[in-house]
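Peer 1: Here is the input, now give the coordinates:
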Amino acid sequence: MIGQFGRRATLVTVAEDLRPHVVTAIVGVDGGHLVADVGSRTRSNLVYRPALTLVWHPHGDGEYQLILDGTAEHVGEPDERQVSTVRIAVVGGILHRLAGLPIGAPSCRSLAADA
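Peer 2: Here you go, the predicted model:
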């Protein structure tokens, strides 16, 4: 499924003050998990609050965005650039139809956790 949307996604975590922290990340697949490199603030958020959401916008005239919820199962130590690799287990997801499109298709399509 990710191959249809590309590797660049929006990654949402929750900060210490419970506000959303939104960044972009390049997401890859490693076996049954997703992996992404993140900066120090995102890393800190995931160490203390491992729940996250990834959002991919459709290419071209696509009508659906891909939204996956996951858990950071492993958060690596920072490298010399202060970048850490995160291993993500997907726990659920949907294809969500974009707002403002003509009525017709379903607004959401649930996905299995192995999307």
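Peer 1: Paired strands for the longest strand along the chain, with orientation please.
Peer 2: Across the chain, the longest stretch assigned as strand under DSSP state E is strand 84-97. For strand 84-97, sheet partners with direction are given as strand 33-38 (antiparallel), strand 64-75 (antiparallel), strand 108-111 (antiparallel), following DSSP bridges.
Peer 1: measure residue 21 to residue 31 for me?
Peer 2: For residue 21, the distance to residue 31 equals 27 Å [Cβ to Cβ, to the nearest Å]. Quick note: C-beta positions are derived from backbone N, CA and C, even for glycine.
Peer 1: Work out for me the element residue 43 sits within.
Peer 2: helix 40-48 (DSSP states H and E).
Peer 1: Just checking, which helix or strand succeeds that helix along the chain?
Peer 2: Using DSSP H and E, the helix or strand that follows helix 40-48 towards the C-terminus is strand 51-56.
Peer 1: which parts of that next one are buried?
Peer 2: Going by neighbour count (16 or more other Cβ atoms under 10 Å), the buried part of strand 51-56 is 52, 53, 54, 55, 56.
Peer 1: what's the residue most central in space within the chain in contact with, if anything?
Peer 2: Closest to where the C-alpha atoms of the chain average out (Cα atoms, centre = their mean) is residue 54, at 1.7 Å. Under the criterion of Cβ atoms under 8 Å, 6 or more residues apart in numbering, the neighbours of residue 54 are 9, 10, 11, 12, 25, 27, 34, 66, 67, 68, 70, 88.
Peer 1: want to throw those residues into CSV with distance to residue 107 and neighbour count?
Peer 2: CSV is the format used below for these (distance: Cβ to Cβ, whole Å; neighbours: other Cβ atoms under 10 Å):
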residue, distance to residue 107, neighbour count
9, 21, 24
10, 20, 15
11, 23, 23
12, 20, 18
25, 26, 21
27, 24, 21
34, 25, 23
66, 14, 22
67, 12, 20
68, 17, 23
70, 22, 23
88, 26, 25
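Peer 1: and those as CSV, adding pLDDT and distance to residue 40?
Peer 2: Rendered in CSV, the data for the contacts of residue 54 read as follows (pLDDT from 0 to 100; distance: Cβ to Cβ, whole Å):
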residue, pLDDT, distance to residue 40
9, 98, 19
10, 98, 18
11, 98, 14
12, 98, 17
25, 98, 14
27, 98, 19
34, 97, 20
66, 97, 27
67, 97, 25
68, 97, 23
70, 98, 20
88, 98, 18
